[in-house]
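A.B. asks: just coords:
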């Protein structure tokens, strides 16, 4: 097949960016031809597989004199919030992506188009492309945008209802898409997420590179932001560490009860500074590693005992799958759709789930619920040393399998 992949944001740096880049790699490895339209900054170097045809839409230019539009309100690079876009910005965005779509369709002649996010760029594609199947894949941040403000809402909904098909990450998200956009559930297929099995695996598990090993080595990977639950995590660490210390032999007193390593980029500088200040106030060591390449992140996972993701909002976080594939136990917020999907794909996965606080907005927790959330998070972390290890075969969750499912849908007879 000849597959045109479309994203309004950068094809790296975020979960959806990794999803796009990895599935494009797999399309090419499987013998398909692939092309990509993506939003990038004016001076961004190419990060995509060199075998893919690339039609960049460059922001911070005369044509688009603002930052790349971000599907999250806090991106790990300078970005424009959709809610802040003026009518003139929307017109410029639409014109730039329309030109890229027209150029890609004429030069590449795709057999199918796959848009990432059911949002504004996908609406432009659906409105301009005729005679070619157009699908879109949700990463949940698009649903959050739709629930948060009304930018081009009616136009987006109308276009999404005319898609040939929709890919969802899990069953709960499928139900949300059907309700939010009014799309026939029969047009929505669950494809899940994946991981790079050639990078993330348990072979060569190591000790942390510096300092004495803690009783419990923790790792978090993702954006350093309030919405990821990092402030409650900082509050939970001291209580969890004290509980671990109370149960261990006196001979272990010279080493820390726990240590947390945080891998991820800065979203909002004020949020990052507040989280860093809370980390410095912790009794136990917290290290900020910054953004890491995949092989570096895999090495950090392999040096850890457990992965922790206390996020208030997620689609289907591939970081959990990567960490478990590297041999980590996991503590994650019990967000809609995540537990059923993981339980069905990795039934033996050593995952502890923590009930999230109630939310007053899409990713803003009710303050009154945070003390209970912090206690539950602390208890789950404190229980990790006694939790049994579990060898998990994650091979069925490789990007190759995910890409194969998606290509199978794109190559099927049109659903309309």
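C.D. replies: Now that the structure is in, tell me what you want to look at. Treat the numbers as computed from the prediction; the structure is a model and nothing was measured. Numbering: from 1, shown residues only.
A.B. asks: Where does residue 167 sit: helix, strand or coil?
C.D. replies: Three-state assignment for residue 167 (DSSP: H, G, I helix; E, B strand; the rest coil): strand.
A.B. asks: whoops, residue 21 was the one
C.D. replies: helix.
A.B. asks: Looking at the residue nearest to it when sequence neighbours are not counted now. What's its pLDDT?
C.D. replies: In this structure, residue 21 finds its nearest non-sequential neighbour in residue 11, 5.2 Å apart by CB to CB, 6 or more residues apart in numbering. Every residue, glycine included, has its C-beta placed from N, CA and C. Model confidence at residue 11, given as pLDDT, is 92.
A.B. asks: And for the one 3 residues further on?
C.D. replies: What the model reports for residue 14 is a pLDDT of 83.
A.B. asks: what does the longest helix that the chain contains rub up against?
C.D. replies: Scanning the chain for the longest helix, with DSSP state H as the assignment, gives helix 87-108. For helix 87-108, contacts defined as CB atoms under 8 Å, 6 or more residues apart in numbering pick out 2, 4, 6, 8, 33, 35, 37, 53, 55-57, 63-66, 69, 80, 85, 110, 120-121, 124-125, 128-129, 132, 151-152.
A.B. asks: So which of those belong to strands?
C.D. replies: 2, 4, 6, 33, 35, 37, 53, 55-57, 69, 80 (DSSP state E).
A.B. asks: now those: which count as buried?
C.D. replies: 4, 6, 33, 35, 37, 53, 55-57, 69, 80 (16 or more other CB atoms under 10 Å).
A.B. asks: Report the two of those residues separated the most.
C.D. replies: Spatial extent of these (CB to CB) is set by the pair 33 and 80 at 31.8 Å.
A.B. asks: on that earlier part again, confirm that the residue nearest to residue 21 lies within a helix, as I assumed.
C.D. replies: No - assessed with three-state DSSP, residue 11 is coil; it does not lie in a helix.
A.B. asks: That one against residue 47, yeah?
C.D. replies: Yes - between residue 11 and residue 47 there is a contact at 6.4 Å, judged by CB atoms under 8 Å.
A.B. asks: So between the two, which is more surrounded?
C.D. replies: residue 11 (28 against 14; other CB atoms under 10 Å).
A.B. asks: now the more buried one: how far from residue 38?
C.D. replies: 5 Å (CB to CB, to the nearest Å).
A.B. asks: Ok, residue 135 next?
C.D. replies: Taking CB to CB, one finds residue 135 at 17 Å from residue 38.
A.B. asks: returning to what we had before: make TSV from the ones in strands among the contacts of helix 87-108 and add pLDDT and distance to residue 26 to it.
C.D. replies: Formatted as TSV, those follow (pLDDT from 0 to 100; distance: CB to CB, whole Å):
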residue	pLDDT	distance to residue 26
2	98	15
4	98	15
6	98	17
33	98	13
35	98	15
37	98	18
53	98	16
55	98	20
56	97	21
57	98	23
69	95	26
80	96	30
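A.B. asks: residue contacts, residue 169?
C.D. replies: 138-140, 190-193, 315-316, 337, 341.
A.B. asks: now do residue 382
C.D. replies: Per CB under 8 Å, 6+ apart, neighbours of residue 382: 239-240, 243-244.
A.B. asks: quick one: low-confidence parts of the chain?
C.D. replies: 207-211, 249-254, 413-416 (pLDDT under 70).
A.B. asks: now with 50?
C.D. replies: Within the chain, the stretches with pLDDT under 50 are 251.
A.B. asks: Okay, helices next: where are they in it?
C.D. replies: 15-29, 87-108, 120-128, 141-148, 153-160, 171-181, 230-247, 269-280, 294-302, 318-325, 338-345, 370-382, 399-410.
A.B. asks: Sort out which residues of the third one are buried, please.
C.D. replies: Burial within helix 120-128, assessed by neighbour count using 16+ other CB under 10 Å, is assigned to 120-127.
A.B. asks: Give me the nearest residue to residue 23, chain neighbours excluded.
C.D. replies: Here the residue nearest residue 23, using CB to CB, 6+ apart, is residue 403, at 4.6 Å.
A.B. asks: should've said residue 97
C.D. replies: residue 124 (4.7 Å).
A.B. asks: if I look at the one you found, how far off is residue 218?
C.D. replies: According to CB to CB, residue 124 and residue 218 sit 42 Å apart.
A.B. asks: Also residue 284?
C.D. replies: 9 Å.
A.B. asks: likewise residue 242?
C.D. replies: 15 Å.
A.B. asks: and if you look at residue 7?
C.D. replies: The value you get for residue 7 to residue 218, if CB to CB is used, is 32 Å.
A.B. asks: Now for the spatially closest residue to residue 175 that is not a sequence neighbour, how many residues are close by?
C.D. replies: Spatial nearest neighbour of residue 175, chain neighbours left out: residue 185 (7.7 Å); criterion: CB to CB, 6+ apart. Residue 185 has 13 neighbours, counted by other CB under 10 Å.
A.B. asks: same deal with the one 5 residues further on?
C.D. replies: Using other CB under 10 Å, residue 190 has 16 other residues around it.
A.B. asks: Quick one: residues contacting it.
C.D. replies: Residue 190 neighbours (CB under 8 Å, 6+ apart): 167-171, 173-174.
A.B. asks: Narrow those residues to those that are buried.
C.D. replies: Applying 16+ other CB under 10 Å to the contacts of residue 190 flags 167-170, 173-174 as buried.
A.B. asks: Could you dump those into a markdown table and include distance to residue 76?
C.D. replies: Below are these laid out as a markdown table (distance: CB to CB, whole Å):
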| residue | distance to residue 76 |
| --- | --- |
| 167 | 24 |
| 168 | 25 |
| 169 | 20 |
| 170 | 24 |
| 173 | 23 |
| 174 | 28 |
